[in-house]
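Chemist: make a model of this:
(2 chains)
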Amino acid sequence: AQKVTQAQTEISVVEKEDVTLDCVYETRDTTYYLFWYKQPPSGELVFLIRRNSFDEQNEISGRYSWNFQKSTSSFNFTITASQVVDSAVYFCALSGVYRGGGADGLTFGKGTHLIIQP
Amino acid sequence: DTEVTQTPKHLVMGMTNKKSLKCEQHMGHRAMYWYKQKAKKPPELMFVYSYEKLSINESVPSRFSPECPNSSLLNLHLHALQPEDSALYLCASSQVSGLRGDTQYFGPGTRLTVL
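Modeler: A predicted model of the protein is given here:
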């Protein structure tokens, strides 16, 4: 069975602080993909990053960085120098178990509600 | 352009009404998805269309009826819904590379209220 755990339900920090959102996953697949999405109050899920299971290099995109560690089945997301506009719910997701077709849904974690206070 | 559009943005309907949600993408994607998201919960997969054919139905009640008229459009027909069906309905699309990990791009969703 597949599972994504985001243990932090809500995090509140003051603007300009760094913050890390944790994601731990479980899968029996040897090839899989991990994702992070941002959901602001408007509701749209905004794609942030996709990482495959063979690429453990950390990635940095501006103030965002991701740390993928297969040894601990974790794919953590850090925002440096947080801003009020970063306030949103962030979801970590795992690609679907193979069911014979070419496309499948994502397995989402429960999400972390990030509040950045001015 | 990674835009998926959904109409309407908001919908209020009675339990005896029939309505439809629409989704459109022009990215050339051949997979389209419907997800349901209740408040403070993650999205839950409802249906997957691959090359305009229904490939996954996650045991969704028959009062929800999906339709994929062509590769750019996806509809969700609603009939005899219950108040507990009130939720945000999200549409997504992706390529179909066979890798199962294609990035899904989501629309802004339709907020449905069933009275």
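Chemist: residue ranges in the chain under the pLDDT threshold?
Modeler: Here I'm looking at chain A. Within chain A, the stretches with pLDDT under 70 are A:97-102.
Chemist: look at chain B instead
Modeler: B:1-2, B:98-99.
Chemist: how near is the residue nearest to the spatial centre of it to chain A?
Modeler: Compute the mean C-alpha point of chain B, and by C-alpha atoms, centre = their mean the closest residue is B:W34, 2.8 Å away. According to C-beta to the nearest C-beta, to the nearest Å, B:W34 and chain A sit 10 Å apart. Placement of C-beta: from N, CA and C, glycine included.
Chemist: need the contact list for that residue.
Modeler: Neighbouring residues of B:W34 by C-beta atoms under 8 Å, 6 or more residues apart in numbering or on different chains: B:23, B:45-47, B:66, B:74, B:76, B:89-91.
Chemist: repeat that for 7 Å
Modeler: Shown in contact with B:W34 (C-beta atoms under 7 Å, 6 or more residues apart in numbering or on different chains): B:46-47, B:66, B:76, B:89, B:91.
Chemist: now do A:W36
Modeler: Applying C-beta under 7 Å, 6+ apart, the residues near A:W36 are A:48-49, A:66, A:77, A:90, A:92.
Chemist: out of the residues you listed, who's the most crowded?
Modeler: With neighbours taken as other C-beta atoms under 10 Å in any protein chain shown, the top of those is A:C92, carrying 29 neighbours.
Chemist: partners of that residue in the sheet?
Modeler: A:W36 (DSSP bridges).
Chemist: contact partners for it?
Modeler: Contacts for A:C92 (C-beta under 7 Å, 6+ apart) come out as A:4, A:6, A:23, A:36, A:75, A:109.
Chemist: of those residues, which is the nearest to chain B?
Modeler: Nearest to chain B among the contacts of A:C92: A:G109, at 6.5 Å, using C-beta to the nearest C-beta.
Chemist: so the closest one is in contact with A:Q6, correct?
Modeler: Yes. Counting by C-beta atoms under 7 Å, A:Q6 is a contact partner of A:G109 at 3.7 Å.
Chemist: endpoints of stretch B:12-28, how far apart?
Modeler: With C-alpha to C-alpha, to the nearest Å as the measure, stretch B:12-28 spans 31 Å from end to end.
Chemist: with stretch A:12-22 instead?
Modeler: Using C-alpha to C-alpha, the end-to-end distance of stretch A:12-22 comes to 14 Å.
Chemist: picking up where we left off before, any common contacting residues for A:G109 and A:Q6?
Modeler: When contacts are counted by C-beta under 7 Å, 6+ apart, the set common to A:G109 and A:Q6 consists of A:23, A:92.
Chemist: torsion angles phi and psi at the residue nearest to A:T5 when sequence neighbours are not counted?
Modeler: Closest residue in space to A:T5, ignoring its immediate chain neighbours: A:V24 at 4.6 Å, by C-beta to C-beta, 6 or more residues apart in numbering or on different chains. Per-residue torsions, A:V24: phi -120, psi 140 (degrees, to the nearest 10).
Chemist: could you pick out which of the contacts of B:W34 are near chain A?
Modeler: Among those, none lies close to chain A by the criterion of C-beta under 7 Å from any C-beta of the partner chain.
Chemist: residues from chain B in reach of chain A?
Modeler: Within chain B, the residues that sit near chain A (C-beta under 7 Å from any C-beta) are B:31, B:33, B:42-43, B:45, B:48, B:50, B:55-56, B:88, B:90, B:94, B:96, B:98, B:100-109.
Chemist: same thing but 6 Å
Modeler: Contact residues, chain B versus chain A (C-beta under 6 Å from any C-beta of the partner chain): B:31, B:42-43, B:45, B:48, B:50, B:55, B:88, B:96, B:98, B:100-101, B:103, B:106, B:108-109.
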